[in-house]
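Participant: I would like to see how this sequence folds:
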Amino acid sequence: MKKMMKRWGAHMKVKYALLLLILLIVVAVVYFAVVTYPRSINTTIRGVNFQLGTEHINNVQPETLRIQGSLSTGLNGLQTFKGTITFDNDSIPVPDESRETTIHFDKYGYGPIVYGYIENAGTSAAKPETFSYGVLFTNSDFSSITYLNMNKRGWNGGDGLMFAGPATTRKQALIISNELMKKFLQSFDIGQGSYVLN
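Facilitator: The predicted structure is shown next:
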């Protein structure tokens, strides 16, 4: 009888351990499914275009940004956005049918916007082109955005063209930009602490 009870106890321990393992696997699968499942993003952000540098302090224009697409998170925790990014007062040389882009954000929140398209599609002069539009920084639900506009010279911290929102003033835009770009700005080792946009 003692042996039988011992065997039954060992059998129950194995059974409980197996049930616990199955439960942990189910929880992990559900967690990763929820975390990595693409979320729909459809937002309009009213903000301002502005330039860095105190000499450009009055160069501020209202701007509206429209974002439509989906956002997913990989198992490495990095986000990927697939969809369209449209500024009301900015035009780009990318055909309307090629305006969907995929933005891969790195660990610093840096997400380059690059379009691939066919110039002169359907003609003998057709050729593949790419257009680098800029860099996006955003919070987790895309309700707060900072955008670095890449002109022909690129972008620099001295007079870089930017958008931030939601904002109505340059001061609000700088607060948002410094917050969203914090990790990115801290990644620069300039020997004097963190770089701050102003």
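
Participant: I'd like the next helix or strand past the helix or strand of the chain with the lowest mean pLDDT.
Facilitator: Between all helices and strands in the chain, the lowest mean by mean pLDDT, DSSP states H and E belongs to helix 2-36, at a mean of 68. Once the chain leaves helix 2-36, the next helix or strand it forms, by DSSP states H and E, is strand 39-51.

Participant: let me see the mean pLDDT of that following strand.
Facilitator: Per-residue pLDDT values across strand 39-51 average out to 95.

Participant: pairing partners for that strand, with directions?
Facilitator: strand 60-73 (antiparallel), strand 161-165 (antiparallel) (DSSP bridges).

Participant: identify each buried residue in it, please.
Facilitator: Across strand 39-51, burial judged by 16 or more other Cβ atoms under 10 Å covers Ile41, Ile45, Gly47, Val48, Asn49, Phe50, Gln51. Glycine gets a C-beta too; all of them are placed from N, C-alpha and C.

Participant: with stretch 55-74 instead?
Facilitator: Buried-residue list, stretch 55-74, by 16+ other Cβ under 10 Å: Val60, Glu63, Leu65, Ile67, Gly69, Leu71, Thr73.

Participant: hang on, the earlier thing: now the strands paired with strand 39-51 in JSON lines, with distance to Tyr16 and mean pLDDT?
Facilitator: Converted to JSON lines, the strands paired with strand 39-51 look like this (distance: least, Cβ to Cβ, whole Å; pLDDT from 0 to 100):
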{"stretch": "strand 60-73", "distance to Tyr16": "33", "mean pLDDT": "95"}
{"stretch": "strand 161-165", "distance to Tyr16": "54", "mean pLDDT": "95"}
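
Participant: who wins for proximity to Ser91 among the ones you listed?
Facilitator: strand 60-73 (12.9 Å; Cβ to Cβ).

Participant: tell me how far the closest one lies from the chain's centre.
Facilitator: 10 Å (Cα atoms, centre = their mean, to the nearest Å).
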